[in-house]
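Trainee: model this:
(2 chains)
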Amino acid sequence: MSTQHTDGWLIVRVREGDLDALGELYERHKLAVYRTALAITRDERAAEDILQDVFLRVHAYAASIDETRPLAPWLYRVTVNLAYSWTKRVKYLFYSLHDTLDRWVSPPQHHPEAATDERERRQGLQQAIDALPLGHRIVIVLYYLEGLSLKEIAYVMDIPEGTVKSRLHYARESLRGALLERERRLVPEVAYDFT
Amino acid sequence: MTSPREPRLLDDLGRRVQRALQERTAAGPPPQTWERIRARAERETALTRNLRAFLRSMCVWLAVDTGFSLGVAAQRDMLGVWRDLSWVYGRHRSQLALELAF
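Mentor: Got it, this is the predicted structure:
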């Protein structure tokens, strides 16, 4: 397919019932939508469902999408809303059960020898990101993974730019604190014997 | 937001957060996702078409029944059809209520 078609032109085609145009939009934006949904929900199945729903909404609401404006912010907005709803819905049903089982099956173990392992650290950071309040996690995902500006995030989340800034600040502080805490726990304690 | 962006200057924490998120979301969607979207879109299109046809025929029927001009009713859009339906309902509500009462 030609790559010079703008999103706006494709939206007009979708409005006229052209599913190939929808397919071109899908190819263009699928990774960003899927990645964002996956980073927020942490569930591949949910991310795929959200990806489907986002593009079905493009199809259903093509008539009300302003083709003169970039499509990506609209897509991010729908993605975040769907991912937010999904996470809120399953949070208490699934994750509390999952966490409980996790604690039973694999009690926390600390391996001092793995403290320097980059992968181990990254997993720790992922856990710290997961532990952030949902609103803060979404800001972190959009800012660091998708590279959106504060202004763009404010539009996507429908909140003031100042709120985005403060959420980013508190999320970073929280992640920094979690990393320091984790590294402190992983460093082997040295027992000094002065006798 | 789709155009290539200037790489953002990140501090150490930012780089680590970015890497952790990228690692987790490295896999793309399953290849059959588009086929599912297309099938659902086609189904919804057919459903909407059938609904529109049904509403149009309802409108024609009601138009004849209530003495509307057939030409005017057929030219109306979906919104117009709903308006007609609600108008007809409103017009006959009291009569219907009386009939039901007896």
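
Trainee: from here on, contacts and neighbour counts on C-alpha atoms
Mentor: Will do.

Trainee: Mind giving me the packing neighbours of the longest helix along chain B?
Mentor: Longest helix of chain B, by residue count under DSSP state H: helix B:33-66. The elements that helix B:33-66 packs onto, with contact taken as 3 or more C-alpha pairs under 8 Å, 6 or more residues apart in numbering or on different chains; DSSP states H and E, are helix A:19-41, helix A:44-60, helix B:70-75, helix B:78-101.

Trainee: Just the residues contacting the first one, thanks.
Mentor: What it means is helix A:19-41. A:1, A:7, A:10-11, A:13-14, A:44, A:46-48, A:50-51, A:55, A:58-59, A:72, A:75-76, A:79-80, A:83-84, A:86-87, A:134, A:137-138, A:141-142, A:145-146, B:2, B:21, B:24-26, B:28-29, B:34, B:38 (C-alpha atoms under 8 Å, 6 or more residues apart in numbering or on different chains).

Trainee: which of the residues you listed are buried?
Mentor: In the contacts of helix A:19-41, burial by neighbour count holds for A:7, A:10-11, A:13-14, A:44, A:46-48, A:50-51, A:55, A:58-59, A:72, A:75-76, A:79-80, A:83-84, A:86-87, A:134, A:137-138, A:141-142, A:145-146, B:21, B:25, B:29, B:34, B:38, counting by 16 or more other C-alpha atoms under 10 Å in any protein chain shown.

Trainee: Pass me the low-pLDDT residue ranges in chain A, would you?
Mentor: A:1-3, A:91-118, A:186-195 (pLDDT under 70).

Trainee: the strands in it, which residues?
Mentor: Under the criterion DSSP state E, chain A contains no strands.

Trainee: So which residues of it form helices?
Mentor: Using DSSP H, helices in chain A cover A:7-15, A:19-41, A:44-60, A:72-90, A:96-105, A:118-130, A:134-140, A:150-157, A:161-186.

Trainee: Check the burial of B:Thr30 by counting its neighbours.
Mentor: Quick fix: residue B:30 is Pro, not Thr. B:Pro30 has 10 neighbouring residues, counting by other C-alpha atoms under 10 Å in any protein chain shown.

Trainee: any idea how far it is from A:Asp20?
Mentor: 19 Å (C-alpha to C-alpha, to the nearest Å).

Trainee: With A:Ile50 instead?
Mentor: Counting by C-alpha to C-alpha, the separation of A:Ile50 from A:Asp20 is 20 Å.

Trainee: Average pLDDT for stretch B:33-43, rounded please.
Mentor: Mean per-residue pLDDT for stretch B:33-43: 93.

Trainee: can you list the residues of chain A near chain B?
Mentor: A:19, A:23, A:26, A:29-31, A:34-35, A:38-39, A:48, A:52, A:55-56, A:59, A:70, A:72-73, A:122-123, A:125-126, A:141, A:144-145, A:147-148, A:172, A:176 (C-alpha under 8 Å from any C-alpha of the partner chain).

Trainee: 6 Å instead?
Mentor: A:Arg35, A:Gln52, A:Ala72, A:Arg122, A:Tyr144, A:Leu145 (C-alpha under 6 Å from any C-alpha of the partner chain).

Trainee: Kindly report the domain assignment for chain A.
Mentor: A:1-93, A:95-184 (automatic domain parsing).

Trainee: Out of those, which one sits most buried?
Mentor: Neighbour counts (mean count of other C-alpha atoms under 10 Å in any protein chain shown) averaged over each of the domains of chain A peak at domain A:1-93, with a mean of 18.

Trainee: Centre of the chain to that domain, how far?
Mentor: Domain A:1-93 sits 15 Å away from the centroid of its parent chain (C-alpha atoms, centre = their mean, to the nearest Å).

Trainee: which intervals of chain B have sub-threshold pLDDT?
Mentor: In chain B, residues with pLDDT under 70: B:1-7, B:59-60, B:62-102.

Trainee: Angles on the backbone of A:Glu67, please.
Mentor: phi -70, psi -10 (degrees, to the nearest 10).

Trainee: mind listing what it touches?
Mentor: Neighbouring residues of A:Glu67 by C-alpha atoms under 6 Å, 6 or more residues apart in numbering or on different chains: A:Gly8.

Trainee: how about the residues of chain A next to chain B, which pair is most distant?
Mentor: Farthest-apart pair in the residues of chain A next to chain B is A:Gln52 and A:Arg122; separation 29.8 Å (C-alpha to C-alpha).

Trainee: so how far is A:Leu180 from the residue nearest to A:Trp74 when sequence neighbours are not counted?
Mentor: Excluding the flanking residues, the one nearest A:Trp74 by C-alpha to C-alpha, 6 or more residues apart in numbering or on different chains is A:Val156, at 7.3 Å. Using C-alpha to C-alpha, A:Val156 is found at 31 Å from A:Leu180.
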